[in-house]
Each structure stands twice: as C-alpha cells, then as structure tokens.
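Chemist: From the sequence below, what's the structure:
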Amino acid sequence: MLKIMGFPGEYIQGEHALSSIGDIANRQQFKKIGLIYDPATEGRILNKVTKSLSQSNVEYICYKFAGECTYKLIAYLTQTMQQHGIDSLIALGGGKAMDTTKGISKRLHIPMIICPTVASSDAPTSRLIIIYDDQHKVQAVEKTQRNPDIVLVDLDTIVHAPARFFAAGIGDAISKMFEVNQCKKAHGLNSFSTSPLETALLLANHTYYNLMQWGKMAYEDVKQHQISVSVERVVESTVLLSGLAFESGGLSLAHALIRGLTAIPELASQLHGELVAYGTVVQAVLENREHQFIIELINFLRSVDLPTTLYELGYQQEISDDMLDIIITNTLQNDYSQHFEPALNSENLRQAIIRTNHYH
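Modeler: Numbers count the residues shown, from 1 in each chain. You can find the predicted model right below:
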C-alpha cells in the first residue's frame, strides 16, 4: 500500500526573512512576480518586500487583496496575471490571501512563495484552498497539485502582530498529536488519501511536546514584541511541524468539532485555533486520558489565553439540549469525525462536551 507525505519545497524562517525575498526570487530564476498582499501589510511589511525585490532587480506587479477568496476573484486574478506575463507569485498576509494565491498558482501552473504575516494556523505549508461564496460561506475545498514551493516566515512580522493570533496558532497545532494518532488508530486517511507514514506521527507528537515546553514563554515574549529562542521554536512548531503533521497525518475530532461549533452564531466568529483548542480538550476527555494529563493540558491552554470551555469560547448562556444537538449533528457530518476509535456517536460526544465544560 502506498503512503504519501507532502513537503513545501523550502521552509525559510528568520528575524527579517522578508528582506531576503529578492535574493530568493533570483535564486529561483523568477522573472516577473505577481504580489498579492493584504491591506494590513501596507507600510512597513509590504515595503520590506518591495524594497528587497527592487534591490534585486526583480520585476513585480502588486494586487491588494480585499474581501473574500472566491472563484470569481481567483478567475479574475488568473486572467490579470496571464495578461501581465507573470511567471511566479508571492502571497503576503493571512489565510484568504494565501488561498487566493494558491488558487491562481494551481490554474497557471506557476510557483509561489507563501509569506504568512501571522502565525495563527498551519495552513501556509499545505496544498489546501478554502473557497468561499459572496455570503462568506465555505463553498468548496480544493488542493493544489503540490505543496507551496517556498514558505517564508519573518519573525519580526510575527511578533508585531496581535498576540491573540500567535495563541491561536498554538491552539491549532496542539491538537495534532491527538488527531494524527487517532486517525492512524481508526485506519483513517490523510489529505493524500493514504495512511500516514510514521514521520507524520513523529512530527505531531513533537509539536505537542514543543508547545508544552516553550509555548507559555513564547507567548509572553510575543506580547512584548520580542524574538526569542522560545518564539523561534514555537513558530517552527505551529507553522511547519503542525502543517506537515495534519496534511500527511490526518485530522480527527478536534477539527470535526469546528463544523458543529460554528453552527452556533455566538461561536462562529472565533479564531480557528481557538475553536480547535477547545476541541482538543473535548477529544482528550473522550479519549479517557488520565485526569492529571487533562488538567495539565487545560492549565497550559489557559496560560496562553485559549478557551477550554464553551463559556470561555464565548457561549455565555445555559447549555441547552437543542444547542448540543446542533453541535453534535454538524460535527458528526464532518468526515474527520470518522477518524476516531471507539467510533463517535451522539451520546458519547454529548457526554464529552458536558464533561469538558465542567472539568476541574
């Protein structure tokens, strides 16, 4: 049986990594780059990129990304890039700018450099593209033919972003030890539709231990806009290790729960990693982990201001049976929910959510 694992062509991380993007483009022999950037990067961050490209005599055109990653926008920008003879792409910003760039790259079969400006999730290294409709609802999930050619992480940019995003990245990543191991145990498949290699489990497990050891210190440093050894190790864990682990290892309950949680209006606006952090506690409870282990997990998540109950996640009303039914029904409709042993059902999931909300 085949087992597949995907990797970006290069992963580059450093204090002012964006300042080297011109040299990197020349090394890759990129001649004319389409730069898609978030409005939030205008000023210091965008200038760092354009200055480096100009100093390296790399031709580029800029497009300010605003709005949503839709089929319509991807088609429009694909045509625009073709008209300008673009042979490569740079994504600068958050997840939707990255996904739009991935969509264009897929259609034009040209290389891309992904430059996340927040470390809020492990999406940068993956092939996944989340496409929305004009009402901001998920319309489709696509995959590029290969992982990004280069992922470039500028630590100075990361530590100057709001610390809440950094914490969300920890929340998204800490689930991977639980999810990848459950996916293998339940004979689930990864995003390449194969069983995971042992390397994926190794990376998922190491991600957890890195975060438990360095996460709190790194979070405190980010709040002070300081780059430290802790920050370097946590960013490598939340962006690279976690990204490789989820895509090549598979996902389980902690991510399936997002479908259920976002069906509740009071929870729908929370950051992805905040929802996953809560889902990780539910998964740990449902796995019947030792009491002390779960307490340590909860204490750690709270130490980096991540939610561990529905109340902390933003649902401050009394939990009703109808509300639980909505969460459970939507969660069990997600394919990831099948990656769990013993099999999930309405009753064991209901009991796990109730226990999690009163765990102490």
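Chemist: So which bits of the top helix by length along the chain are buried?
Modeler: Determined from DSSP state H, the single longest helix within the chain is helix 198-223. Of the residues in helix 198-223, 200-201, 203-208, 210-211, 214-216, 218-222 count as buried by neighbour count, 16 or more other C-beta atoms under 10 Å. For the C-beta atoms, the positions are set from N, CA and C on the backbone; glycine is no exception.
Chemist: continuing past it, what's the next helix or strand?
Modeler: Next helix or strand after helix 198-223 toward the C-terminus (DSSP states H and E): helix 229-235.
Chemist: which residues touch that following helix?
Modeler: Surrounding helix 229-235, the residues in contact under the criterion C-beta atoms under 8 Å, 6 or more residues apart in numbering are 13, 119, 153, 155, 158-159, 166, 169-170, 210-211, 214-215, 217-219, 221-222.
Chemist: hmm, 10 Å instead?
Modeler: 13-15, 116, 119, 153, 155, 158-159, 166, 169-170, 173, 207, 210-211, 213-222, 227-228, 241, 304 (C-beta atoms under 10 Å, 6 or more residues apart in numbering).
Chemist: Just the C-alphas of that helix, formatted as CSV.
Modeler: Only the C-alpha atoms of helix 229-235 are listed here, as CSV (Å, rounded to 0.1, in the frame of the first residue of the first chain):
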residue,chain,number,x,y,z
VAL,A,229,14.6,31.0,21.2
SER,A,230,11.1,30.1,22.6
VAL,A,231,9.4,32.1,19.8
GLU,A,232,11.6,30.5,17.1
ARG,A,233,10.8,27.0,18.3
VAL,A,234,7.1,27.6,18.7
VAL,A,235,6.7,29.3,15.2
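Chemist: helix or strand right after it?
Modeler: Remark: after helix 229-235, the chain's next helix or strand is helix 242-249, criterion DSSP H and E.
Chemist: send the alpha carbons of that next one over as CSV?
Modeler: Provided in CSV are the C-alpha atoms of helix 242-249 (Å, rounded to 0.1, in the frame of the first residue of the first chain):
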residue,chain,number,x,y,z
SER,A,242,2.0,21.1,12.6
GLY,A,243,1.4,21.8,8.9
LEU,A,244,3.2,18.7,7.8
ALA,A,245,1.6,16.6,10.6
PHE,A,246,-2.0,17.5,9.7
GLU,A,247,-1.7,17.2,6.0
SER,A,248,0.2,14.0,5.9
GLY,A,249,-1.2,12.5,9.2
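Chemist: Centre of the chain to the longest helix of the chain, how far?
Modeler: Distance, stretch centre to chain centre, for helix 198-223: 14 Å (C-alpha atoms, centre = their mean, to the nearest Å).
Chemist: Do me a favour and average the pLDDT over it.
Modeler: Regarding helix 198-223, the rounded mean pLDDT is 98.
Chemist: Report the angle between it and helix 242-249.
Modeler: 150 degrees (axes from the mean of the first three to the mean of the last three C-alpha atoms, to 10 degrees).
Chemist: can you start the count at 31 instead of 1 from here on
Modeler: Fine by me, first position is 31 from now on; the one you just mentioned is helix 228-253.
Chemist: did I read that right, residue 104 in a strand?
Modeler: No. Counting by DSSP: H, G, I helix; E, B strand; the rest coil, one finds residue 104 to be helix, located in no strand.
Chemist: Tell me how far it lies from residue 117.
Modeler: Distance of residue 104 to residue 117, given as C-beta to C-beta, to the nearest Å: 18 Å.
Chemist: and if you look at residue 129?
Modeler: In terms of C-beta to C-beta, residue 129 sits 21 Å off from residue 117.
Chemist: Then residue 106?
Modeler: 19 Å.
Chemist: Next: residue 159.
Modeler: According to C-beta to C-beta, residue 159 and residue 117 sit 20 Å apart.
Chemist: again with residue 208
Modeler: Distance from residue 208 to residue 117, by C-beta to C-beta: 42 Å.
Chemist: Among those two, which residue is more densely surrounded?
Modeler: residue 208 (25 against 17; other C-beta atoms under 10 Å).
Chemist: Run a quick check on the more buried one versus residue 323, I expect a contact.
Modeler: No. Between residue 208 and residue 323 there is no contact under C-beta atoms under 10 Å: 11.0 Å.
Chemist: which residues are common contacts for the two?
Modeler: 314, 317.
Chemist: Got phi/psi on residue 188?
Modeler: Backbone geometry at residue 188, expressed as degrees, to the nearest 10, gives phi -60, psi -40.
Chemist: count of residues packed around residue 227?
Modeler: 16.
Chemist: so how far is stretch 362-381 from its chain's centroid?
Modeler: 22 Å.
Chemist: Oh, that last question was meant for stretch 81-101, not what I typed.
Modeler: 22 Å.
Chemist: which of the residues in that stretch are buried?
Modeler: 82, 83, 86, 88, 90, 93, 95, 98, 99, 100.
Chemist: Now pLDDT, distance to residue 134 and secondary structure too, for those residues, in CSV please.
Modeler: Shown next, in CSV, are the buried residues of stretch 81-101 (pLDDT from 0 to 100; distance: C-beta to C-beta, whole Å; DSSP: H, G, I helix; E, B strand; the rest coil):
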residue, pLDDT, distance to residue 134, secondary structure
82, 98, 22, helix
83, 98, 18, helix
86, 98, 22, coil
88, 97, 18, coil
90, 98, 14, strand
93, 96, 10, strand
95, 92, 11, coil
98, 90, 15, coil
99, 94, 10, coil
100, 94, 12, coil
